[in-house]
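**Student:** output the structure for:
(6 chains)
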4 protein chains.
Amino acid sequence: MIVPNPDRRSERARRAILSAALELCVEESFARLTMEGVAKRAGVGKQTIYRWWPSKSAVLLEAIDDRAGDTLDFPDTGDLVADLRTQMIQLARTLTDPVFAASLRGLIAAAQSDADAAESLYRTLMKPRVELCAERLKKAQQAGQVRPEVAPEDLIELLYAPLYYRLLLQHRPIDEAQIGTILDLIFPSLAPA
Amino acid sequence: MIVPNPDRRSERARRAILSAALELCVEESFARLTMEGVAKRAGVGKQTIYRWWPSKSAVLLEAIDDRAGDTLDFPDTGDLVADLRTQMIQLARTLTDPVFAASLRGLIAAAQSDADAAESLYRTLMKPRVELCAERLKKAQQAGQVRPEVAPEDLIELLYAPLYYRLLLQHRPIDEAQIGTILDLIFPSLAPA
Amino acid sequence: MIVPNPDRRSERARRAILSAALELCVEESFARLTMEGVAKRAGVGKQTIYRWWPSKSAVLLEAIDDRAGDTLDFPDTGDLVADLRTQMIQLARTLTDPVFAASLRGLIAAAQSDADAAESLYRTLMKPRVELCAERLKKAQQAGQVRPEVAPEDLIELLYAPLYYRLLLQHRPIDEAQIGTILDLIFPSLAPA
Amino acid sequence: MIVPNPDRRSERARRAILSAALELCVEESFARLTMEGVAKRAGVGKQTIYRWWPSKSAVLLEAIDDRAGDTLDFPDTGDLVADLRTQMIQLARTLTDPVFAASLRGLIAAAQSDADAAESLYRTLMKPRVELCAERLKKAQQAGQVRPEVAPEDLIELLYAPLYYRLLLQHRPIDEAQIGTILDLIFPSLAPA
DNA sequence: TAATAACCGAGACGGTACGTCCCGTCTTTGA
DNA sequence: TCAAAGACGGGACGTACCGTCTCGGTTATTA
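**Tutor:** You can find the predicted model right below:
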């Protein structure tokens, strides 16, 4: 496979494609999002999309990752529950933003039939944030605030999975009350004996 | 809309269609599952599918619901945690069955772009089981085993969401260890003060 | 290769496609004639064209053959030169008809890069007419009007090639004067010694 | 339109382009000959082709004209039929040369949809040779070997059209026998009464 | 017991989008 | 300043499916 020269890449086209993808994903839905529609909306040839991305989920992943930007940080005030609450509320806001919600739901949908999409979704969007959270939890364990035998990754799943559950099932809305419930139900169990 | 007469419906065709849908969903994936493929595999005209189902996700939902059969029961030995463990292990087995996993992942994917699919997926597959579990939890609350101010629906989400998280993200496998972790981390918080 | 069932073929679509092909070939040119354009003009899906014809030259060949219709006859008054003149004038009219000229020029152009197109062009349009002419010439030879050692096929090429030469080179127009010249220059040589 | 400075033109690039065009036209066909293919094969940028030629037929015309070289001469031994035979055999050899045949068939095909290509093809390749032949015929007329009222251009068409007919229809091969037939059938009519 | 519906299989239809090829133009870097 | 390289916006290719439609051909009542 011949790889195009990234130095000659048109930044204008790149931005137009990513914007068009996000817009169309919200206006329609991921399933009705088409490469042809993106090309038309972006004023770009289809080949220019295929030159730089292998699939529509790859375009959307880059678009949403660009938009998420540098929000890679995890608060550390010393109070673990307060920090988690702050961060989870921030995530809840993101997951209820129409653009982000539509994109992420689409990406997760795509991941169900496309292992590459699943892999890059996890690696790009989720893994870095999971790792930051894991570090914060380890620090709390070292400070004696959390039982040492709890694996941070397990705890992270417990805390965050209910948000994704509501994102994907859409049966109940993601909100701050949910976050309160999650923290209330889990944290009393976590203090060392 | 003209509804065909269900009395004259061919049971042979119905079964062939549902089987073909499940087979193809596993062999390929939900995204590559096509009405034409199902019709061909089932030895059936396309019209026969469209006559009885509005979409491929509707076919698959009926197929998987048929297969799940009458497993609508929730153990009640008096020991809530033991009962939940039993039931969750049963669910884990279902979610790791290739046919069920492929179908459910596809249905959830479809639900991201199709509100009807989302609604019927929840109503048909999830709601009855959620309600059974809620009843069991209420009984436990009445028996003084669980703090009364905890909403059963919230607790259910906390317990089950991590399984769906792993089903959809495919980053870690669903297994019994996970269920142990979930129960260990949540239940110490639940006993009434 | 799976062959579609001709009994179910839509005559309406067939006619619309052939008409659209002829129209577009004249309005634009064979090189600018596209399957997409024909489908659009005919109000037809592209697949419906590809189902019944392998290429645009095949469509055009059938269109022009349909239009030529049953003009498969060769006059026989007993006077060979008069009969040839009659028939050649008829051909000249055909070759100067805009629709026929554009189509035939396009078909011959296509034949230069496509052996199948060349073969079917010859077999469908030319061969039957060449054979009729050859029969007429043989009859004239039997009547002692033409030297018996002349091969009818050779004579036919001599008579008709100049018309095609002008059709394709477009440097001088095809007209009755040309036909007079051709017959005048060739026939004095043909009488038996 | 900005015309580039011919003094700075790269002769190396020009030769590479013309060679590549001829090679590809033979290996594939004129229809499958592409500017990109020529550029790649010639090791040249596409712009370098578009700078000096307007179309692929223009490239090919120059290529074949270069190759035909200075074969612009018409024998004159005093014996018209012998001279024509000599020259026509020479032409037959050219028309059966694979490179020349593929190119000329392609150029004539292109001429069917492109008036510029038709015009430059006639002017460059055909006209000079037609004129030489016409001069030779006029000389024969002055020598009383050919009826004076025959227009040389008409006679030329009669003589040469059958060769082009076989080149383009490919139904019978061009060979010396054909040339004998042509001359035998036409020349008895030409002597002055 | 014929006729007469209704569903069945099959698949042609008008249509959308796919992913690819090539067009002719434009832009960058180097000779 | 021209050349090589190739990215760009764009149009058409030939294919896969969509969801609708139109055919006979079995059934399975209803006159």
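
**Student:** pretty sure A:Leu155 is touching A:Lys138, no?
**Tutor:** No. Taking contacts as C-beta atoms under 8 Å, A:Leu155 lies outside contact range of A:Lys138: 10.6 Å. The C-beta positions use only the backbone N, C-alpha and C, and glycine is treated the same way.

**Student:** more neighbours: which of these two?
**Tutor:** Set A:Leu155 next to A:Lys138 and count neighbours by other C-beta atoms under 10 Å in any protein chain shown: A:Leu155 wins out with 23 against 13.

**Student:** and the more buried one, what does it touch?
**Tutor:** A:Leu155 makes contacts with A:137, A:146, A:186, A:190, B:185, as judged by C-beta atoms under 8 Å, 6 or more residues apart in numbering or on different chains.

**Student:** chain D: which of those residues is nearest?
**Tutor:** A:Leu137 (56.5 Å; C-beta to the nearest C-beta).

**Student:** three-state assignment of the closest one?
**Tutor:** Three-state assignment for A:Leu137 (DSSP: H, G, I helix; E, B strand; the rest coil): helix.

**Student:** setting the sequence-adjacent residues aside, check what's closest to A:Phe74.
**Tutor:** A:Leu132 (4.3 Å; C-beta to C-beta, 6 or more residues apart in numbering or on different chains).

**Student:** again with A:Ile156
**Tutor:** A:Cys133 is the one closest to A:Ile156 (C-beta to C-beta, 6+ apart), at 5.3 Å.

**Student:** how many neighbours does the one you found have?
**Tutor:** 21.

**Student:** outside of the helix or strand it falls within, which residues touch it?
**Tutor:** A:Cys133 is part of helix A:127-142, with elements assigned from DSSP states H and E. Under the contact criterion C-beta under 8 Å, 6+ apart, helix A:127-142 has outside partners A:72-74, A:76, A:80, A:83-84, A:87, A:146-148, A:150, A:152-153, A:155-156.

**Student:** ok, the residues you listed vs DNA strand F, which is closest?
**Tutor:** Of all the contacts of helix A:127-142, A:Leu72 has the smallest distance to DNA strand F: 27.6 Å, by C-beta to the nearest atom of the strand.

**Student:** now do the contacts for A:Val146.
**Tutor:** Counted by C-beta under 8 Å, 6+ apart, A:Val146 has contacts A:80, A:137, A:140, A:155, A:190-192.

**Student:** ok, A:Leu84 next?
**Tutor:** So A:Leu84 contacts A:136, A:159, A:183 (C-beta under 8 Å, 6+ apart).

**Student:** can you show me the strands along chain A?
**Tutor:** Secondary structure of chain A (DSSP state E): no strands located.

**Student:** just to revisit the earlier point, restricted to helices, list the contacts of A:Leu155.
**Tutor:** If you go by DSSP state H, the contacts of A:Leu155 have A:137, A:186, B:185 in helices.

**Student:** would you turn these into JSON lines with pLDDT and distance to DNA strand F?
**Tutor:** Output for the ones in helices among the contacts of A:Leu155, formatted as JSON lines (pLDDT from 0 to 100; distance: C-beta to the nearest atom of the strand, whole Å):
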{"residue": "A:Leu137", "pLDDT": "97", "distance to DNA strand F": "42"}
{"residue": "A:Ile186", "pLDDT": "92", "distance to DNA strand F": "43"}
{"residue": "B:Leu185", "pLDDT": "92", "distance to DNA strand F": "43"}
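
**Student:** quick one: which of the contacts of A:Leu155 is nearest to DNA strand E?
**Tutor:** Distances from DNA strand E to the contacts of A:Leu155, taken by C-beta to the nearest atom of the strand, are shortest for A:Leu137, at 40.1 Å.

**Student:** which of the residues in stretch A:113-129 are buried?
**Tutor:** Using 16 or more other C-beta atoms under 10 Å in any protein chain shown as the test for burial, stretch A:113-129 gives A:113-114, A:117-118, A:120-121, A:124-125, A:129.

**Student:** quickly check: that stretch near DNA strand F or not.
**Tutor:** No. Stretch A:113-129 lies apart from DNA strand F when judged by C-beta under 7 Å from any atom of the strand; the minimum separation is 12.9 Å.

**Student:** quick one: distance of that stretch to the chain centre.
**Tutor:** 9 Å (C-alpha atoms, centre = their mean, to the nearest Å).

**Student:** and for stretch A:46-58?
**Tutor:** Relative to the chain's own centre, stretch A:46-58 is displaced by 21 Å; criterion: C-alpha atoms, centre = their mean.

**Student:** and that stretch, which residues are buried?
**Tutor:** Those would be A:48-49, A:52-53, A:55-58, for stretch A:46-58 by 16+ other C-beta under 10 Å.

**Student:** how long is it from one end to the other?
**Tutor:** Stretch A:46-58 has an end-to-end distance of 14 Å (C-alpha to C-alpha, to the nearest Å).

**Student:** average model confidence for it?
**Tutor:** The average pLDDT for stretch A:46-58 rounds to 98.
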